[in-house]
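# quick one: sequence plus predicted model below, questions after.
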Amino acid sequence: MPTTTALTTLPGEEAAGRLAAALERLDPAPVGVGVFEIEDGSGRWEVGAYFTEAPDDIALALLAAAHGATPFAVSDLPDIDWVAHVRRALHPVEAGRFFLYGSHDAGRVPPGRVGLLIEATVAFGTGHHGTTAGCLIAFDRLLSQGAAPARVADVGCGTGVLALAAAATLPDAAIVASDIDAVAVEVTLANAAVNGLEGRLTVVEAAGFGHPALAEGRPFDLIFANILKGPLIALAPALAARLAPGGRAILSGLLVTQAEDVLAAYAAEGLRLAARDDLGDWATLTLERG
């Protein structure tokens, strides 16, 4: 079935959210609407809508004008199974001891490496992005230093790569993974099953630490948060409050130009920088509570 996309940009998350809500009320209605921060420090957001019936060009123009957005760029997508296409194009990812691969590369895990089967899906995170790879490199370094966290959280888990890496290397740890997206929760559970790690982690749908599995009990020894600059800064007080003395937080999802702002937010909560890994334009921060 052919798909038509309509994409625009505008300043501010709240304005982008209002435009997305208005798009969902169009007739014909889009089959999906996405809102994404443009990670270039400009403060602009992209709003995209996907239609299986031709959208109303006049309605789109009026919406863009009413919400202070640029005119929508409308185009037709070829009828391609994009997930299958991406799966074929992805190569294994090597990050420290971890080797992430798709089913088309089964049997290629080098001896002595921790292999994780992670397929390209509708949820975010195959390990190819510099933020996920950076988190794995930082985690590998902690393991090499002898760290053995007993309680681990992966906040904003996507496909569950980081939580699964913890489950595969910390057999005695209690691990909780969470995501605001119900699809991500389902994909993480499925990935745990195909990697033989079913039952090794609890996966919940939650924003931040807003779930009893994350909010209750003793503090975490290790917290992963691979999200975005804004949510990372907003999460700083809650994350710091849930981190045990001597505990570490591995943060990513931010550009190298955004790292200092995130560091400042966490320094204000009593966390110090233990290590930093920059991969291309992306930064990963390892923080520690004294």
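Arrived safely, thanks for sending.
# where does the closest residue to residue 77 other than its chain neighbours land on pLDDT?
Closest residue to residue 77 apart from its sequence neighbours, by C-beta to C-beta, 6 or more residues apart in numbering: residue 3 at 4.6 Å. Every residue, glycine included, has its C-beta placed from N, CA and C. Looking at residue 3, its pLDDT is 81.
# over to residue 86?
46.
# cool, residue 170 as well?
In this model, residue 170 is scored at 97, pLDDT.
# could you do residue 125 as well?
49.
# what's the mean pLDDT across stretch 135-150?
96.
# so how far is that stretch off the chain centroid?
Relative to the centre of its chain, stretch 135-150 is centred 20 Å away, using C-alpha atoms, centre = their mean, to the nearest Å.
# what comes up buried for it?
135, 136, 137, 138, 139, 140, 141, 142, 143, 149 (16 or more other C-beta atoms under 10 Å).
# need the max-distance pair from these.
The span of those, defined through C-beta to C-beta, is set by 137 and 149 at 16.7 Å.
# of the buried residues of stretch 135-150, which is the nearest to residue 73?
residue 135 (33.1 Å).
# can you name the farthest residue from the center of this protein?
Most distant from the centre of the chain: residue 58, at 35.0 Å, with distances by C-alpha atoms, centre = their mean.
# how near is it to residue 99?
From residue 58 across to residue 99, the span is 52 Å (C-beta to C-beta, to the nearest Å).
# next, count neighbours for the residue nearest to residue 77.
Residues within reach of residue 3, counting by other C-beta atoms under 10 Å, total 17.
# got the contact list for the spatially closest residue to residue 157 that is not a sequence neighbour?
Among residues not flanking residue 157 along the chain, residue 177 sits closest, at 4.0 Å (C-beta to C-beta, 6+ apart). Contact analysis of residue 177 by C-beta atoms under 8 Å, 6 or more residues apart in numbering lists 153, 154, 157, 160, 162, 163, 188, 201, 202, 203, 204.
# for residue 247, state which of these is nearest.
residue 153 (10.2 Å).
# just give the nearest non-adjacent residue to residue 188, would you?
residue 160 (3.1 Å).
# list the contacts of the one you found.
Here residue 160 is in contact with 125, 154, 177, 184, 187, 188, 189, 191, 192, 201, 203 (C-beta under 8 Å, 6+ apart).
# list the strands paired with the host helix or strand of residue 248, with their directions.
Taking DSSP states H and E as the definition, residue 248 sits inside strand 243-255. Partner strands and pairing direction for strand 243-255 (DSSP bridges) are strand 220-226 (parallel), strand 282-289 (antiparallel).
# so for residue 20, which of these sits nearest?
strand 220-226 (23.2 Å).
# could you list every helix and strand in contact with the helix or strand just after that closest one?
Using DSSP H and E, the helix or strand that follows strand 220-226 towards the C-terminus is helix 229-241. Packing partners of helix 229-241 (3 or more C-beta pairs under 8 Å, 6 or more residues apart in numbering; DSSP states H and E): strand 220-226, strand 243-255, helix 259-267.
# would you mark the buried spots in helix 229-241?
229, 230, 231, 232, 233, 235, 236, 238, 239, 240.
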